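Q: Pasting a predicted model and its sequence here:
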Amino acid sequence: MNSDFHYYATYCAAQLAGYSHDECLAIAYCDCFTDMCSKTLLSKLNAPAAAATTQLHLEMVDMRTDIIGLQDITRIWSSFHFLPYDLYAEPPKRCSKKYKNKYRLICNPNGELLKETVCLAKDKSPQAVGLAMHVLADTWAHRYFAGTPSLVINNTNRYFYELIPSENGYTEKKITFRHSTTTPDDPDNSIYTASLFSNSEKSIMNLGHGRAGHLPDYSFIRYKYLPAWGNYEEILKDNPSDYHYAFYQMVYAMKFLRGAYDSFETDTYDTEVDENIQKEVERIINTRQLNSDNDWKALGEKLSGCEIEPFDVEKYQWEYAEADKNSKDDTFLGKFILAALAQKSMVTNKIYSSGSRLAGYSIDYGDKGFKGIRAFKSLVREEEV
Amino acid sequence: MSRFQRVKSLIFGVFLILFAVALFTSPTEGYPVIAAVVSALVFIYGFRLLIYYFRMARHMVGGKSTLCQAIIILDLALFTTSMVSMGGVVIIIYLLGIYAFTGVVDILRAFEARNLKASNWKLKLATGLISVLFAVSLVVVGVVNGNLQIIVYGYCAVLLYSAIVKIVTAFKRTAIVYIQ
């Protein structure tokens, strides 16, 4: 998903859930900021690197893929962009534990961890809500891929066909991948950029949906392919349908977070939206364009009657950088950082508890006290407050 | 990182230091030793690929290509072993090439950090430039002037650096706190 969905569409969903304009802006900002909060940006702000929610392309190239590096990568990508669906899933065939641990990190919507993610944001700041909405939306867009470098899970082959709506249903068109990061994708000719093939299991080229390029990030596209883990069974990725569910699940989740429902149930979507708005949402999702910023923005402004300012990554940085040490957690970005640490802590703990060490070690503070990465002490402080 | 992984990382780091010191003290014999180590590494890589196929890649779409690669690499390892006695400047240049590439990545990262106004870009740029200059100057001095000893010394320095990184990694904090 791109900023069009993570910023403007989230703003629209928050409006439909009943949040005020300012709250919607904060939620949408933090949803979008989850794709920007890298260690490089945090180092600029003298903020804890452990709160990183993404990695820049060159950060990953620069990173050592030893056990520590891989755990760091997995913590970031599994916690915020590829939330595992079932940490106790059994692959269809007998396999090694190493394979099983990677297979279990495959992302899909409506898993137990999604429920945990949404509930974690309950009674918390709008920053925590925005971050949870990012994770929720990505479970739909990034489904069938895992947030850890893995050739055996995330690789794809040449079998890739786009299904373009036509008078007789759908026309199949072969997708061509190239490896130029500077050339924009060309949907008219079905030419897209993807990461290079690397036969190394731990190569960052095999992280997430890199091998499928940005196809999961475009709402309009439908395609079929053979995932590496799928035992030669074809998968049809219907993005318009997935984005539809993502949008209405966000509305439902945010209504829950505002207190409209007592509990959050998976596989539940808000269907009480006005028919004309639903039609507009479907139109935007299905429009064949690489960026839907303008359409979502117009819908958001129609819903709220207020102007939606464009996303500015630097907007809150000065406030955080200038705040004194004791009041940093009370700033806009300080609250985002706390929410990021809490989400990362929760997902790492769940992966660790499932018997996998792919995301590193997790220690229960109640049982063993504080050990490990110091940045997480702020969670302890928050709990004490 | 488990205790076993920490101990493994520590032992490997110490072994690398000892190997680098041994090479440094007798550089004349060092050159074929490096070539022998490279061929041994290719062997290990081939075996690891074979194990990887049986543990992981056989479940993957197109996984049989991993099996083919393992067989070809093991064959290549045999070929490399036969070249050890002849010596091979190419192997050294290859190793230094990899080292220079990491320097190029550092430089690109520095530019990216500068664009984001991060504070550590100068240090990154300096380490990147030093890596590239180090590799290039070794090739120039060693290969062009025919002084292969200096390449062995350079290789020792790279080994020492890797050893230090391994040892530091063994002591890095990894645990994450979960509050219920």
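A: Right, received. Where do you want to start?
Q: For chain A, give me its nearest residue in chain B.
A: B:Ala175 (2.8 Å; CB to the nearest CB). Using the backbone N, CA and C atoms, a C-beta is placed for each residue, glycine as well.
Q: Which secondary structure elements does the longest helix belonging to chain B sit against?
A: Longest helix of chain B, by residue count under DSSP state H: helix B:27-55. On a contact count with 3 or more CB pairs under 8 Å, 6 or more residues apart in numbering or on different chains; DSSP states H and E, helix B:27-55 meets helix B:3-25, helix B:64-83, helix B:89-115, helix B:148-170.
Q: Buried residues in the last one, which are they?
A: By 16 or more other CB atoms under 10 Å in any protein chain shown, the buried positions in helix B:148-170 come out as B:148, B:150-156, B:158-160, B:163, B:166-167, B:169-170.
Q: How about the closest residue to chain B within chain A: what's its closest non-neighbour residue?
A: Chain B sits closest to A:Gly372 of chain A, with a gap of 2.8 Å, by CB to the nearest CB. Excluding its sequence neighbours, the residue lying closest to A:Gly372 (CB to CB, 6 or more residues apart in numbering or on different chains) is B:Ala175, at 2.8 Å.
Q: Is that neighbour in contact with A:Gly360, as I believe?
A: Yes: using CB atoms under 8 Å, B:Ala175 is in contact with A:Gly360, at 7.2 Å.
Q: more crowded one of these two?
A: Per other CB atoms under 10 Å in any protein chain shown, whichever of B:Ala175 and A:Gly360 has more neighbours is A:Gly360, with 23 against 18.
Q: Could you look up the SS state of that one?
A: The local conformation at A:Gly360, judged by DSSP: H, G, I helix; E, B strand; the rest coil, is coil.
Q: Can you get me a residue count around the nearest residue to it once chain neighbours are set aside?
A: Computed as CB to CB, 6+ apart, the closest residue to A:Gly360 that is not its neighbour in sequence is A:Gln71, at 3.8 Å. Counted with other CB under 10 Å, the neighbours of A:Gln71 add up to 21.
Q: tell me which strands and helices the one helix or strand A:Gln71 maps to is in contact with?
A: Assessed by DSSP states H and E, A:Gln71 sits inside helix A:67-80. For helix A:67-80, the contact count by 3+ CB pairs under 8 Å, 6+ apart identifies helix A:126-141, helix A:332-353 as packing neighbours.
Q: The longest helix of chain B to helix B:64-83, inter-axis angle?
A: 160 degrees (axes from the mean of the first three to the mean of the last three CA atoms, to 10 degrees).
Q: Pull out the buried residues from helix B:27-55.
A: In helix B:27-55, counting by 16+ other CB under 10 Å, buried: B:27, B:30-31, B:33-35, B:37-39, B:42-43, B:45-46, B:49-50, B:52-53, B:55.
Q: and what of stretch A:144-161?
A: A:144-156, A:160-161.
Q: Checking the residue of chain A closest to chain B next. Helix, strand or coil?
A: coil.
Q: what about it, how many residues close to it?
A: Around A:Gly372 there are 18 residues (other CB under 10 Å).
Q: didn't it look like it was pressed against B:Ile176?
A: Yes: using CB under 8 Å, A:Gly372 makes contact with B:Ile176 at a distance of 5.8 Å.
Q: returning to that earlier point: let's have the helices and strands packed on helix B:27-55 in JSON lines, adding mean pLDDT and distance to chain A.
A: Listed next are these as JSON lines, based on pLDDT from 0 to 100; distance: least, CB to the nearest CB, whole Å:
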{"stretch": "helix B:3-25", "mean pLDDT": "85", "distance to chain A": "6"}
{"stretch": "helix B:64-83", "mean pLDDT": "84", "distance to chain A": "6"}
{"stretch": "helix B:89-115", "mean pLDDT": "75", "distance to chain A": "5"}
{"stretch": "helix B:148-170", "mean pLDDT": "82", "distance to chain A": "6"}
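Q: out of these, nearest to A:Lys102?
A: Across the helices and strands packed on helix B:27-55, A:Lys102 has its closest neighbour in helix B:64-83 (15.1 Å, CB to CB).
Q: my guess is A:Pro165 is in a helix, correct?
A: No: going by three-state DSSP, the assignment for A:Pro165 is strand, not a helix.
Q: Show me what it is bridged to.
A: Note on A:Pro165: beta-bridge partners by DSSP bridges are A:Tyr170.
Q: Count residues in the vicinity of A:Tyr218, would you?
A: Count around A:Tyr218 with other CB under 10 Å applied: 25.
Q: Surely it is in contact with A:Pro187?
A: Yes: using CB under 8 Å, A:Tyr218 is in contact with A:Pro187, at 7.5 Å.
Q: Now the common contact residues for these two.
A: Between them, A:Tyr218 and A:Pro187 share these contacting residues under CB atoms under 8 Å, 6 or more residues apart in numbering or on different chains: A:Leu290.
Q: tell me which element A:Glu383 falls in.
A: Assigned by DSSP H and E, A:Glu383 falls in helix A:377-384.
Q: Done for today, thanks.
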